[in-house]
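J.: Generate coordinates for the sequence data below:
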Amino acid sequence: MENNLIIIPSRMQSKRLPGKPLLDIEGIPMVIRVAKQAIKSNSGLVYIACCDEEVYKTAKTYGINAIMTNPDHSSGTDRVYEAFKNIENTNNIKTIINLQGDMPTISSSVIRDLVKLKEKIPCDIFTLVNEINDEDEKLDKDIVKVVLSLEKSEKYGKALYFSRSLIPYGEGPVYHHIGIYAYSRDSLEKFITLKPSFLEKRESLEQLRALEANMNIKASVVKNNPIGVDNLADFNKACEYVRNNKI
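T.: Numbering: from 1, shown residues only. Purely as a prediction, here's the structure:
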């Protein structure tokens, strides 16, 4: 899709898992696995936005587009925006996808579905969630939960809040936020002009910056949740999944 740009922000200095982008999963670095799935989705031009020379060189070795960015960005979206502004020939780009580089098990179909839904459903930002069925995951602070006001179709809804805590209270589904966002050009530029918000800093979740500025975030419920790698246990789980499923 020539009007879409998929950017994967990447940095080696992860506090919980240093060197995370280049951790080897069955012979392929993690961020390269994510980029390959993005390319396979055939949903737009794919770039890795990095601030480390070793990530840049690795991407080039695999024939994947890469662009160097400022190492001091406070969020992945800031890195995505810098990359977007510095990539040539983007005048025709209508949608920018921020795809987190620590989801090595993400499927190309999930990426493709996100892009198609953003084209159909009016909003500032479109993202994905899936239902959490494991009770321990509901209490895991590394798993971001989101409260949705579902539309009549019950396939997508408006995001009301994101948190590391178990929300909402009471009986009913709890949704896990998947780290992929689709922005229009205008909504990405608006987000970047906003200062980090009170709730964003409290929860350490940049999605809340958009909500506090009354930006409209919508999300679709999908069945499969890619494994997000935040720590060594997650990494081992992702390795096992890739090994067992031959992806």
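
J.: Leu211 and Asp186, how far apart?
T.: Look at Leu211 and Asp186: by C-beta to C-beta, to the nearest Å, they are 17 Å apart. Heads up, the C-betas are built off the backbone N, CA and C, glycines and all.

J.: More neighbours: which of these two?
T.: The neighbour comparison of Leu211 against Asp186 (other C-beta atoms under 10 Å) goes to Leu211, with 20 against 10.

J.: for that one, helix, strand, or coil?
T.: When the structure is split into helix, strand and coil by DSSP: H, G, I helix; E, B strand; the rest coil, Leu211 lands in helix.

J.: That one is in contact with Leu205, isn't it?
T.: No - Leu211 lies out of contact with Leu205 (C-beta atoms under 8 Å); the separation is 9.6 Å.

J.: list residues touching both of these two?
T.: Between them, Leu211 and Leu205 share the neighbouring residues Phe162, Leu199, with contact defined by C-beta atoms under 8 Å, 6 or more residues apart in numbering.

J.: Quick check: closest non-adjacent residue to Asn3.
T.: Lys94 (4.4 Å; C-beta to C-beta, 6 or more residues apart in numbering).

J.: The one you found: neighbouring residues, count only.
T.: Residue crowding around Lys94 was assessed by other C-beta under 10 Å; the count is 16.

J.: if you average pLDDT over stretch 83-99, what comes out?
T.: The predicted model gives stretch 83-99 an average pLDDT of 91.

J.: just stretch 173-183 next, same as before
T.: 93.

J.: sorry, back to before: OK, contacts around the residue nearest to Asn3?
T.: Counting by C-beta under 8 Å, 6+ apart, Lys94 has contacts Asn3, Asn4, Ser184, Arg185.

J.: try 10 Å
T.: Contacts of Lys94 were listed using C-beta atoms under 10 Å, 6 or more residues apart in numbering, and they are Met1, Glu2, Asn3, Asn4, Leu5, Gly44, Lys118, Glu119, Tyr183, Ser184, Arg185, Asp186.
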